[in-house]
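Peer 1: got a predicted structure here, sequence first:
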Amino acid sequence: MTTLRSRVAFLATDGFEDSELTSPWEAVTAAGASATLIAPDGAEITGKNGHAQSVDLRSADATADDFEALVLPGGVVNADHLRMDQPSIDLARAFFAQHKPVGVICHGAWILIEADVVDGRTLTSYPSLKTDLRNAGATWVDEEVVVDQGLVSSRTPDDLPAFNAKVVEEIAEGEHAGQTA
């Protein structure tokens, strides 16, 4: 089993897909990492199916310097709100600029489009984002999990076992030179 001695940021807001936050959170913490929930505001956020989780840090106060990796859960409402929040977009972009691993699932890729970090990358997502990703310069593929230079992507909660395994693996590998903004 991989042992992580990392700090992992999870960026989400109300309307996240519950399992896409809780399952990777459990995977990275079970591997030894510490997890921090970052959100635009509020003391607590609630998923679309009712899971409530305390916010540790506001996105305006967060810096990629303090973490070794980022995980972006999906959920239509979550992703749509985050892509409208400039501090959240800037934070996501900073992880790429620092060559740090990023995991994104489902609709979370919308944030990466806004951060302008998908051009020339290969990734997957919920199928409805296929055209958005292609228009942003990405190569979209319909696969359970895709790894591209430290960027781990998956489609839906059904892909979580493969997603979690690859996220933990990429975090353990550390920075990736090809992970750029």
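Peer 2: That came in fine, so what should we check first?
Peer 1: ok, Asn49 touching Leu21?
Peer 2: No. Between Asn49 and Leu21 there is no contact under C-beta atoms under 8 Å: 10.6 Å. Every residue, glycine included, has its C-beta placed from N, CA and C.
Peer 1: more crowded one of these two?
Peer 2: Of the pair Asn49 and Leu21, Leu21 is the one with more neighbours under other C-beta atoms under 10 Å, namely 26 against 10.
Peer 1: which residues touch the more buried one?
Peer 2: Shown in contact with Leu21 (C-beta atoms under 8 Å, 6 or more residues apart in numbering): Phe10, Ala12, Gly47, His51, Gln53, Pro73.
Peer 1: those residues, buried ones only, as a ChimeraX selection?
Peer 2: The buried residues among the contacts of Leu21 can be selected in ChimeraX (16 or more other C-beta atoms under 10 Å) with this line:
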select :10,12,47,53,73
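Peer 1: and the contacts of Leu21 as a markdown table, adding secondary structure?
Peer 2: Compiled in a markdown table, these are given as follows (DSSP: H, G, I helix; E, B strand; the rest coil):
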| residue | secondary structure |
| --- | --- |
| Phe10 | strand |
| Ala12 | coil |
| Gly47 | coil |
| His51 | coil |
| Gln53 | strand |
| Pro73 | coil |
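Peer 1: tell me the one of the contacts of Leu21 nearest Ala136?
Peer 2: Proximity of the contacts of Leu21 to Ala136 was ranked by C-beta to C-beta; the top entry is Pro73 with 19.8 Å.
Peer 1: not counting sequence-adjacent ones, nearest residue to that closest one?
Peer 2: Using C-beta to C-beta, 6 or more residues apart in numbering and skipping the chain neighbours, the partner closest in space to Pro73 is Glu20 (3.8 Å).
Peer 1: what's the answer for Thr29, then?
Peer 2: Ala35 (5.4 Å).
Peer 1: same question for Asp66.
Peer 2: With C-beta to C-beta, 6+ apart, the residue lying closest to Asp66 is Arg7, at 6.5 Å.
Peer 1: got the residue ranges for the helices in this protein?
Peer 2: According to DSSP state H, the chain carries its helices in the segments 18-30, 76-82, 86-97, 109-114, 130-135, 160-173.
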